[in-house]
Each structure stands twice: as structure tokens, then as C-alpha cells.
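**Q** from the sequence below, what's the structure:
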Amino acid sequence: MELEALKAQWNQVLDYLLERDRIAWLAFFDARLASLNERTLTLNFADSEKFGGKHDFAKARNPKHTALLHEAITCVLGFELEVIEE
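**A** A predicted model of the protein is given here:
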């Protein structure tokens, strides 16, 4: 799958998340799909309008929410992706 094709389906992934857990949806709705290589999706949370410096939400993210994102990706796309956060 190419990154543009994934971007076209990303709202469906987010809708799936929203149906399961609103907090998980909030944790990922602002992510930008930075790159897709093989089976690895890189999410970028950088936003110069919101943050003056680097932040690392991955350490604070609830593992349950990350698991729900993986479930959403698998159910919507039909295959698994490793997710990396920048």
C-alpha cells in the first residue's frame, strides 16, 4: 500500500477508533501520516502552531490506546502495520 492510499482510508481508521474509545481517538486524531515503508507507518505529531519545541507523547500514551489503533488499522485495511511515533 502507498501512503496516499492509506491517507485516503485514514478517516475510516479514525472512525473505527471513535466507535471503540473516544480517548484513543483523541490520542491519534491529530497525527500526521509522515511515511509508510513496507509495513511500518510513521506518525508525526509535530505542529508548530501548538508546540514551541519537541515533545514525546509516545512515552505517555496509554498502551491500550495504541493497541486499539493497531486493531483499527488491521480491521479497516485488512493487514497489520507497525506504528512509529515521531
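**Q** low-scoring stretches of the chain, by residue?
**A** 47-60 (pLDDT under 70).
**Q** just the strands in this protein please.
**A** Here the chain has its strands, by DSSP state E, at 32-37, 40-44, 82-85.
**Q** which strands or helices does the first one pack on?
**A** With contacts defined as 3 or more Cβ pairs under 8 Å, 6 or more residues apart in numbering; DSSP states H and E, the packing partners of strand 32-37 are helix 3-20, strand 40-44. The way it works is simple: take the backbone N, C-alpha and C, and place the C-beta from them, glycine included.
**Q** switch to 10 Å and redo it
**A** helix 3-20, strand 40-44, strand 82-85 (3 or more Cβ pairs under 10 Å, 6 or more residues apart in numbering; DSSP states H and E).
**Q** and these, which is most packed in?
**A** With neighbours taken as mean count of other Cβ atoms under 10 Å, the helices and strands packed on strand 32-37 reach their highest mean count in strand 40-44, at a mean of 16.
**Q** any idea of the angle that one forms with helix 3-20?
**A** Going by axes from the mean of the first three to the mean of the last three Cα atoms, to 10 degrees, strand 40-44 is angled at 70 degrees with respect to helix 3-20.
**Q** i'd like the first residue to be 34 from this point on
**A** Okay, residue one is now 34; in that scheme the one you just asked about reads as strand 73-77.
**Q** relative to strand 73-77, what are the paired strands and their orientations?
**A** strand 65-70 (antiparallel), strand 115-118 (parallel) (DSSP bridges).
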